[in-house]
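J.: My questions concern the predicted model and sequence given below.
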Number of protein chains: 2
Amino acid sequence: MRSYALLVEYDGGAFVGWQRQSNGVTVQQIIEESAAALNGGVMPIATASGRTDSGVHAEGQVVQLAVSLALAPEKMRAALNFHTRPHRIAIRGAAYAVEGWSPRFSATQRHYRYRILNRSAKPALEEGRVWHVPLPLDAEAMHAAAQGLLGKHDFSAYRATSCQAESAVRTMERLDVVRCGEEIHIHASARSFLHHQIRNFAGTLYEVGLGRQPVSWPREVLDGLKRKAGGQTAPPQALCFMQVDYAEPIDWQ
Amino acid sequence: MRSYALLVEYDGGAFVGWQRQSNGVTVQQIIEESAAALNGGVMPIATASGRTDSGVHAEGQVVQLAVSLALAPEKMRAALNFHTRPHRIAIRGAAYAVEGWSPRFSATQRHYRYRILNRSAKPALEEGRVWHVPLPLDAEAMHAAAQGLLGKHDFSAYRATSCQAESAVRTMERLDVVRCGEEIHIHASARSFLHHQIRNFAGTLYEVGLGRQPVSWPREVLDGLKRKAGGQTAPPQALCFMQVDYAEPIDWQ
């Protein structure tokens, strides 16, 4: 058996998330089924650096799996890109996985982007990729508010009630809100995130952007530790898992 | 009757082009049907700054139509965005059209972008938006070759055999080839284009990018005036109609 790391892109709109479910097609399922062709017909188990929810996209999810067929990484990438057709999953890169490496536990930083389309007109080209907010948002106020969420805190106020993490303490390294023409992008980086954390950030910063709440409010919500005190959970299709960093950079082929 | 200019975005993959056809849904048809609700149930005629082929996208198509209902431009935009649902068409802006203005004949410059995804892995997120070229392309060589196509020429070698324009003489103002990470973008600007002209540019520059033809070749093809001498007509879904300029800038609402 040979263990591989995979750099994976997918269109979250085509799946009910990363993890195997009984109620629909998942990314994990398609990758495992595709890899069976390289493993004597037996489905291997694929593990990911992070589970993504239904509708959430990925440009840089990192996955580990082991198969019996010994292929060079570039052949592995090509074979999986063949077998995953016609699903909207692309293996952007592959590498041999080092003994003891885990896509989840070896990760030192995860990077996400949340896209808001901030214009009157509904999305046409970017439908399914953005959160459409027709009222004007003040991106600078949102950015200023976001800076109050940086650092190490108990993020109970921003975790899903269904979140299974033992501790709600996380360290936010970056939470930038930037206007790009008609869009507003939220860039979030941390070693790890709680379930729905970025979507809850987005829904809370949205209230500041509209001017309904002051810049100080998202931090007050944080300090209050209560999910109900914050804004809505913003929709999933605007979220994209961009990149995972490891102490030992992976040489993708 | 009141005449309006409209700034229109659409996902070309959902239509068989701009112009009404018997073989499928077109952008013109949906806009005209939607506008009938604002015109006493009678479909007005919508004219565009340029026809786009089946599969070609638009971020900034400009359309003119007249309706009996007198609405302020922002109300017109909102009403059409309501009535075009659930089609992947968005009215980004609207303005009163000045007497004698034509979206087609008053245009002073048109801007298109052609996107090549230049990586081994198939597209997942950008499927239907890019031309996938798995072999490495030399974008600098393509750009150098493209500069030989600038200026006023007889572009017979780059027009579709079905092109109905009386003259093949056009003036290319800009033809830039730029690498953006895994993508290569071709930016083309001219007062007007021939049918398939940009896709034929892309298919011909592709041969230079692969190293199969020298940098001087696209210009030699131009001078030879023969379509068959050039490269393939690159696929439509990578092309997007970005912007139209007018001598009198339109104040979009």
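T.: Great, that's in hand.
J.: Show me which residues of chain A sit near chain B.
T.: Residues of chain A lying close to chain B (CB under 8 Å from any CB of the partner chain) are A:9-11, A:57, A:59, A:74, A:77-78, A:81, A:85, A:88-93, A:119-125, A:127. (Each C-beta comes from the backbone N, C-alpha and C, glycine too.)
J.: try it again with 7 Å
T.: By CB under 7 Å from any CB of the partner chain, the residues of chain A that approach chain B are A:9-11, A:57, A:59, A:77-78, A:81, A:88-92, A:119-125, A:127.
J.: For PyMOL, write the select line for the buried members of those residues.
T.: In PyMOL syntax, the buried subset of these is picked out as below (16 or more other CB atoms under 10 Å in any protein chain shown):
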select buried, chain A and resi 9+10+11+57+59+77+78+81+88+89+90+91+92+119+120+121+122+123+124+125+127
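J.: Go through the residues of chain A next to chain B and flag which are in helices.
T.: Using DSSP state H, the subset of those located in helices is A:Arg77, A:Ala78, A:Asn81.
J.: Verify the contact between the first one and A:Ala94 for me.
T.: If I follow you right, that is A:Arg77. Yes. Proximity of A:Arg77 to A:Ala94 meets the contact threshold set by CB atoms under 7 Å, at 4.1 Å.
J.: Please give the element, helix or strand, for A:Ala144.
T.: Assigned by DSSP states H and E, A:Ala144 falls within helix A:139-146.
J.: now that helix: mean pLDDT?
T.: Here helix A:139-146 scores 98 as its mean pLDDT.
J.: same question, stretch A:3-16
T.: Rounded mean pLDDT across stretch A:3-16 is 97.
J.: Now do the buried residues in that stretch.
T.: Quick answer for stretch A:3-16 (16+ other CB under 10 Å): A:4-16.
J.: quick one: terminal-to-terminal distance for that stretch?
T.: Start-to-end span of stretch A:3-16 (CA to CA, to the nearest Å) is 26 Å.
J.: Ok, stretch A:19-29 next?
T.: Start-to-end span of stretch A:19-29 (CA to CA) is 8 Å.
J.: got it, and stretch A:49-56?
T.: Taking CA to CA as the measure, stretch A:49-56 stretches 14 Å from start to finish.
J.: just the strands in the stretch 101-250 of chain A please.
T.: Ranges of strands within the stretch 101-250 of chain A are A:107-117, A:131-132, A:151-154, A:169-180, A:183-190, A:239-246, based on DSSP state E, counting those that start in this stretch.
J.: and the angle from the last one to strand A:107-117?
T.: Calculated by axes from the mean of the first three to the mean of the last three CA atoms, to 10 degrees, strand A:239-246 forms an angle of 160 degrees with strand A:107-117.
J.: Please apply the same query to the fourth one.
T.: Using the same axes, to 10 degrees, one finds that strand A:169-180 and strand A:107-117 are set 40 degrees apart in direction.
J.: Partner strands of strand A:169-180 and their direction?
T.: Sheet pairing for strand A:169-180, assigned by DSSP bridges, gives strand A:151-154 (antiparallel), strand A:183-190 (antiparallel).
J.: wait, which of the ones in helices among the residues of chain A next to chain B is closest to chain B?
T.: Nearest to chain B out of those is A:Asn81 (CB to the nearest CB; 5.5 Å).
J.: now the strands of the stretch 101-250 of chain A in CSV, with mean neighbour count?
T.: Shown next, in CSV, are the strands of the stretch 101-250 of chain A (neighbours: other CB atoms under 10 Å in any protein chain shown):
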stretch, mean neighbour count
strand A:107-117, 20
strand A:131-132, 20
strand A:151-154, 13
strand A:169-180, 16
strand A:183-190, 21
strand A:239-246, 21
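J.: what about the longest helix in chain A?
T.: The residue-count maximum for a helix in chain A (DSSP H) belongs to helix A:197-209.
J.: what angle do it and strand A:169-180 make?
T.: When the same axes, to 10 degrees is applied, the directions of helix A:197-209 and strand A:169-180 differ by 50 degrees.
J.: other SSEs contacting helix A:197-209?
T.: If contacts are counted by 3 or more CB pairs under 7 Å, 6 or more residues apart in numbering or on different chains; DSSP states H and E, helix A:197-209 sits against strand A:107-117, helix A:139-146, strand A:183-190, helix A:217-224.
J.: just to revisit the earlier point, hmm, who's touching the helix holding A:Ala144?
T.: Residues outside helix A:139-146 that contact it (CB atoms under 7 Å, 6 or more residues apart in numbering or on different chains) are A:Leu175, A:Asp176, A:Val177, A:Val178, A:Arg179, A:Ile184, A:Leu205, A:Val208, A:Gly209, A:Val215, A:Trp217, A:Pro218.
J.: Let me know the closest of those residues to B:Asp245.
T.: Of all the contacts of helix A:139-146, A:Arg179 has the smallest distance to B:Asp245: 24.0 Å, by CB to CB.
J.: confidence score at that closest one?
T.: 98.
J.: Which strand residues bridge it?
T.: Note on A:Arg179: beta-bridge partners by DSSP bridges are A:Ile184.
J.: Looking at the ones in helices among the residues of chain A next to chain B, which is nearest B:Arg104?
T.: The nearest member of those to B:Arg104, counting by CB to CB, is A:Asn81 at 42.8 Å.
J.: returning to that earlier point: tell me which of the buried residues of stretch A:3-16 fall in strands.
T.: Among the buried residues of stretch A:3-16, the ones falling in strands (DSSP state E) are A:Tyr4, A:Ala5, A:Leu6, A:Leu7, A:Val8, A:Glu9, A:Tyr10.
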